[in-house]
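**Q** give the three-dimensional model of this entry:
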Amino acid sequence: MTEPEAARGLTSAEARRRLVASAPHALAPLHGIPGLRAFLMRFDSWLTLILLLAAAVSAASGDTVSAGIIVGIVVLSAALDYANTYRSEKAVALLLARVRITAAVRRDGSVQEIPFAEIVPGDVALLKAGDLVPADGSVIEAKDFFMNESSLTGESFPREAAPGDACYLGASVVTGTAVMLVDKVGTETRYGSITAALEAREAPTEFDRSIKEFSALVARVTFILVAAIFVVLALVRHEFIESLLFAAALAVGLTPELLPMIITLNLTKGSLAMAKRGVIVKRLSAIQNFGSIDILATDKTGTLTEDRITLVRTVDMSGKDDAEVFRLAYLTTAFHSRLETPIDVAIREHGSPDIAAYRKVDEIPFDYERKRDSMVVARGDEHLLIAKGAPEEIIRDCATLGESSVPFSDEMKRQALTEYEKLSSGGFRVLAVATKAVEAKEQYEKDDEQELVFAGFAAFLDPPKASATDALARMRAYGIAVKILTGDNAAVTLRIAHDIGLPETEAVEGAALAAMSDAEVAKVVEERAIFVRLLPEQKRRIIMALQANGHVVGYLGDGVNDAPSLAAADVGISVENAVDVARATADLILLRKSLADLVEGVIEGRRTFANTLKYMMMDLSSNFGNMFSMAAASIVLPFLPMRSTQILLGNLLYDGSQMALPFDTVDDEDMIRPRKISIPFLRRFMIYFGLISSVFDITTFVVLALVFHLAGSAFQTGWFLESIATQTFVIYITRTRKMPFIESAPAKILIASTLGTVLVAWAIVWSPWAALFAFVAPSALLALTILGITIAYLMAVEIGRRHFYARLSAAA
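**A** Model (predicted):
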């Protein structure tokens, strides 16, 4: 591409044409809006296919009414699922648009911010410190351009790129500026191929594994029960199609097919509620993990402190004010091309010394191995390297003191370290400044940072947040411990911890952590809450050790070097003004860097989890009991206890009532501690409450057959009324461990949906459409009897619930 073409970039029309051409190589979006294909996927369940096949056979044999009803119910159920999922996905997409990552490209001769997904081959992208490289391509212009490619190569030290060098999607810009020509996008990039491999191996979350186990439990129960019923009915009644339809409808009744939609609705509601509290959810499934976190790992800056750093003093090694130290520090800030930090802002706002005689020659970017950055400036023919960074590292590499060239003896180094510790214990964040006269050359390396001349210290203050103490107390109340993982020193970190109420008197240094075995690290992460002078990989090691100990860990970070920790944590959390790589890696984005917002997000996550668990518990109790009773009755009775169309109708109405569950209230006790799905608990719950349900089902059978002498359609109608009432109203009791309505009231929308469902179901029985489902209008006495059985059932479940949880508490 010629220089004029690079200056203009692509036209919008050409970019649109290339976007269409490159669409097959686009990386999969985080969330997609469902279309026709998504709607058709609602029919890929083997149960649905069996029902549709059986309906087709029924139609072919002349029973078009039953076939039409079955197809209508299946399509209506799929449409209901699709519509709710569509609304949820659309809401999430609108939220994600608020935090999407863009790149600056030249289009139509001007610079425009374009979403990553719209970058095409041939685009000319402009890169600066803090940006993510948006695609694979080549550098055509560069100035002090260093990239961190650790996500691709594992190498932590930044790589400098010059015109003609390659750059890759996934790398982040550490310092400098560049112009690149895009060559490959999406799956054709190096990062795209790595991402595909990672996605193929992506480990499911604990919630995902629990749902899978739950589904496997239901599948086993359903398969055994339904297969046995189908075989028995087919052999005894010799009516293959009717037996197949009944067995398939029974399977539908047993299967919690609404669970994916309930989860989606819960997560979407949670994401919208969290957005109102300043938390944008990038990955919906992270909400469940967010509610489960019991440890939050974070740097102190901006989270526990005000993130308003000010330069208070510049002093020599004896603690005397020294303006020359400030001038040197100012030079490192005035000419840098990296991402501006709060330290840079603090130095610049402290004053503006005369530096007109200086010009920039080169810079060596910061990295966590050296814990410093350096600037090379020239005044006339003299070249001066100025290093600024961690005092321990700077002091170690100094050989002389000041312009006098006095040897920097071990005694002097101890004196300098004493002054540093004195400043740190006073709550100051301290950087050391040193210089070195160097020979003129085009490029300088980290090896040039030896034999330095010590100048002095710059002392900064970042006061603790006024709200941090209350936020930490609230986090402890909700069972969340805070771990501080910082690159700062022990003295200043412990001082801030003391000021905000963290009862810690010791900190673990990164150097000590590096010498520990994995077993020792696993122990120390439980015993200590403050870790200082950490490298990025050490933060990641701490997070993984906590996870191996059984904790669910959230990590809050906003810098380039936070990306590994954000990726390793169960929940990666960043902020809206974070660098691109941090926002891209995070699961959640805070619009404000606030612990209070985090706590609200955790509470919302726990509310989402609790309402999901309610559906699972209810489905396994009365629903399982009803279907089990129906299966048993089908073998004993000379007729089917309920027709397949009646089962499907009841299931559709019941599913509709449960769509209000995501909006239900949740008891405080269910949110005070992180919770996990326990399959053994759910299995016991299913058996215990399923048996109670079956006892009352059998009671209903006896009343219908022996008291009212009903058979066929009349019997089926009576049991339909009892079944829909008991399995719908039982949510009032299973949703809480407290006294229903008195100590724990369900949400009004849940009351309305459940009551409305039962009223609609009962109304159908007396409606002109009753004949379509082979219903027979019952007598008033029968209706009152069924209502009495329902009330007795609910009272029995309430007594059983108290006994169940009492035994559970005693066994704990």
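**Q** what is the mean pLDDT for stretch 332-351?
**A** Here stretch 332-351 scores 86 as its mean pLDDT.
**Q** can I get it in PDB, CA atoms only?
**A** Taking Å, rounded to 0.1, in the frame of the first residue of the first chain, the C-alpha atoms of stretch 332-351 are listed here in PDB:
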ATOM      1  CA  THR A 332      10.400  10.400  32.300                       C
ATOM      2  CA  THR A 333       6.800  11.500  32.100                       C
ATOM      3  CA  ALA A 334       7.000  14.400  29.700                       C
ATOM      4  CA  PHE A 335       8.400  12.300  26.800                       C
ATOM      5  CA  HIS A 336       6.900   8.900  27.400                       C
ATOM      6  CA  SER A 337       4.700   7.200  24.700                       C
ATOM      7  CA  ARG A 338       3.200   4.400  26.800                       C
ATOM      8  CA  LEU A 339      -0.300   4.400  28.300                       C
ATOM      9  CA  GLU A 340      -0.500   7.300  30.800                       C
ATOM     10  CA  THR A 341      -0.700   6.100  34.400                       C
ATOM     11  CA  PRO A 342      -2.000   7.900  37.600                       C
ATOM     12  CA  ILE A 343       1.700   8.300  38.600                       C
ATOM     13  CA  ASP A 344       2.300  10.200  35.300                       C
ATOM     14  CA  VAL A 345      -0.700  12.500  36.000                       C
ATOM     15  CA  ALA A 346       0.500  13.100  39.600                       C
ATOM     16  CA  ILE A 347       4.000  14.100  38.400                       C
ATOM     17  CA  ARG A 348       2.700  16.400  35.700                       C
ATOM     18  CA  GLU A 349       0.200  18.100  38.000                       C
ATOM     19  CA  HIS A 350       2.900  18.700  40.700                       C
ATOM     20  CA  GLY A 351       4.700  21.300  38.600                       C
END
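**Q** ok, residues contacting that stretch?
**A** For stretch 332-351, the surrounding residues in contact (C-beta atoms under 8 Å, 6 or more residues apart in numbering) are 128-130, 143-144, 146, 173-177, 301, 307-311, 326, 329-330, 355, 358, 360, 363, 365-366, 373-375, 377, 386, 388, 431, 433, 458, 460, 462, 560, 579. (C-beta placed from N, C-alpha, C; glycine too.)
**Q** now which of those would you call buried?
**A** Among the contacts of stretch 332-351, those classed as buried by 16 or more other C-beta atoms under 10 Å are 129-130, 144, 146, 173-177, 301, 307, 309-311, 326, 329-330, 358, 363, 365-366, 373-375, 377, 386, 388, 431, 433, 458, 460, 462, 560, 579.
**Q** okay, and which of the contacts of stretch 332-351 map to strands?
**A** Judged by DSSP state E, the subset of these located in strands is 128, 143-144, 146, 173-177, 310-311, 360, 363, 365-366, 373-375, 377, 386, 388, 431, 433, 458, 460.
**Q** buried set for stretch 476-491?
**A** Going by neighbour count (16+ other C-beta under 10 Å), the buried part of stretch 476-491 is 478-491.
**Q** out of those, which sit inside helices?
**A** 490-491 (DSSP state H).
**Q** tell me the one among the buried residues of stretch 476-491 nearest to Ala117.
**A** Nearest to Ala117 among these, counting by C-beta to C-beta, is Leu485 at 32.8 Å.
**Q** secondary structure element for the closest residue to the closest one other than its chain neighbours?
**A** The shortest distance from Leu485 to any residue other than its chain neighbours is 4.7 Å, reached at Lys539 (C-beta to C-beta, 6 or more residues apart in numbering). Assigned by DSSP states H and E, Lys539 falls within helix 536-548.
**Q** contacts for the helix or strand that that helix is followed by?
**A** Using DSSP H and E, the next helix or strand after helix 536-548 towards the C-terminus is strand 553-556. Strand 553-556 is touched from outside by 290, 293, 295-299, 303, 485, 539, 543, 546-547, 562, 565-566, 568-574, 590, 593, 598, with contacts defined as C-beta under 8 Å, 6+ apart.
**Q** for strand 553-556, what is the distance to the chain centroid?
**A** Distance of strand 553-556 from the chain centroid (C-alpha atoms, centre = their mean, to the nearest Å) equals 10 Å.
**Q** tell me the strands beside that strand, with direction?
**A** Strands that pair with strand 553-556, judged by DSSP bridges, come out as strand 295-298 (parallel), strand 571-575 (parallel).
**Q** I'd like the average pLDDT over the first one.
**A** Right, the one you point to is strand 295-298. The average of the pLDDT scores along strand 295-298 is 93.
**Q** which residues touch that strand?
**A** Applying C-beta under 8 Å, 6+ apart, the set of residues contacting strand 295-298 is 304, 475, 480-485, 539, 542-543, 546, 551-557, 565, 569, 598.
**Q** cool, the last one as well?
**A** Among residues not part of strand 571-575, those counted as contacts by C-beta under 8 Å, 6+ apart are 286, 289-290, 293, 302, 552-558, 562, 565-566, 582-583, 585-593, 598.
**Q** how about a cut-off of 6 Å?
**A** 286, 289-290, 293, 554-556, 558, 566, 582-583, 585-590, 593 (C-beta atoms under 6 Å, 6 or more residues apart in numbering).
**Q** and for stretch 695-702?
**A** With C-beta under 6 Å, 6+ apart, stretch 695-702 has contacts from 629, 633, 719, 722, 789, 793.
**Q** top of these by neighbour count?
**A** Using other C-beta atoms under 10 Å as the neighbour test, the contacts of stretch 695-702 are led by Tyr793, with 26 neighbours.
**Q** what about it, which SS state?
**A** Judged by DSSP: H, G, I helix; E, B strand; the rest coil, the three-state class of Tyr793 is helix.
**Q** so what's it up against?
**A** Tyr793 neighbours (C-beta under 6 Å, 6+ apart): 696, 726.
**Q** quick one on the thing from earlier: among the buried residues of stretch 476-491, which one lies nearest to Ser138?
**A** Out of the buried residues of stretch 476-491, the member with the shortest distance to Ser138 (by C-beta to C-beta) is Gly487, at 33.6 Å.
**Q** now the closest one: how far from Leu250?
**A** 61 Å (C-beta to C-beta, to the nearest Å).
**Q** contact partners for the residue positioned nearest the centre of the chain?
**A** For the chain, the residue nearest the mean C-alpha position is Ala286 (2.3 Å; C-alpha atoms, centre = their mean). Ala286 makes contacts with 571, 587, as judged by C-beta under 6 Å, 6+ apart.
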